[in-house]
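Enquirer: okay, predicted coordinates and the sequence, questions at the end:
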Amino acid sequence: MTTSQPTISTNQTPAGNAMIELTNVGKAYRTDTIETLALQKMNLTVPSGEFLSIMGPSGCGKSTLLNIMGLIDEPSEGTVSLAGQRIEGYNGNAIARFRNEQLGFIFQSFHLINDLSVVDNVELPLLYRRMSGSERKRLSLEALARVGLSNRATHFPNQLSGGQKQRVAIARAIVGKPNIILADEPTGNLDSHMGDEIMDILLKLNEELGTTIVMVTHDERMAKKTHRLVRLSDGERVS
Ligand SMILES: Nc1ncnc2c1ncn2[C@@H]1O[C@H](COP(=O)(O)OP(=O)(O)O)[C@@H](O)[C@H]1O
Ligand SMILES: [Mg+2]
């Protein structure tokens, strides 16, 4: 830990109360033969406590945008600030710790580990923290209670419905009490009833804990329930 470079500057205060701030962000994917401009000149400020949805046709750069917000992908140009801290490097322990503490991710296909019980899946982000096993277990059960799955803690993912799997994924995303949740089509694999359940949980998290949420969705109905909708087309904002 002592050898890692400081990769995040802490001398910058948030503009207003921006939780996420992208300035002139561009992302190009290069292969031998082709360059894809997945995002261009993206300016976007997400205030603390906002629930923002993002829509746009397939391939327009929604996941790229989310991955850049989540520090999974590095922009080709522009700057990213999260929680008032400008991100200046993408390698090393500092960024991994920052990501682990600030961000929770939810994916369309759940990304649970089938060999681990529900509660062990939820506990995963806490393994990177200094914390006793019993404290990890306590927080994991608390997160499962929040998504209404206390009675499934010792089940395994393949014993759950799709909606239940996504609730486990939400519990895993919130167990470390992140400021930001990034959700990439979280209801995309679910029928509309289960999708509504997931949406209700996200809305409640946003309201009760003030968690800032950015959600990619194909569903206008879901987007309407959020505070604001940003539409993308070919890597650019169109509204
Ligand atoms: N790792 C990658 N390498 C090359 N091209 C990519 C990569 N990831 C995404 N792209 C391209 O970038 C564009 C945006 O992709 P993506 O952000 O996944 O779109 P969306 O989530 O809106 O469907 C697409 O043209 C896609 O093919
Ligand atoms: Mg996508």
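Expert: Happy to help now that I have it. Ligands and ions are numbered 1, 2, ... in the order given.

Enquirer: correct me if wrong: Asn100 contacts Gly176.
Expert: Yes. Using CB atoms under 8 Å, Asn100 is in contact with Gly176, at 6.6 Å. C-beta: built from backbone N, CA, C; applies to glycine.

Enquirer: who touches both of those two?
Expert: Here Asn100 and Gly176 have 125, 129 as joint contacts, going by CB atoms under 8 Å, 6 or more residues apart in numbering.

Enquirer: buried sites along stretch 195-207?
Expert: Using 16 or more other CB atoms under 10 Å as the test for burial, stretch 195-207 gives 195-199, 201-202, 205-206.

Enquirer: of these, which belong to helices?
Expert: 195-199, 201-202, 205-206 (DSSP state H).

Enquirer: in a markdown table, list those along with pLDDT.
Expert: Below are these laid out as a markdown table (pLDDT from 0 to 100):
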| residue | pLDDT |
| --- | --- |
| Gly195 | 96 |
| Asp196 | 96 |
| Glu197 | 95 |
| Ile198 | 96 |
| Met199 | 97 |
| Ile201 | 96 |
| Leu202 | 97 |
| Leu205 | 96 |
| Asn206 | 97 |
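
Enquirer: now the residue nearest to Thr23 when sequence neighbours are not counted: how far from Leu202?
Expert: Closest residue in space to Thr23, ignoring its immediate chain neighbours: Thr79 at 4.8 Å, by CB to CB, 6 or more residues apart in numbering. Plainly put, Thr79 is 28 Å away from Leu202 if you go by CB to CB, to the nearest Å.

Enquirer: perfect, I'm done here.
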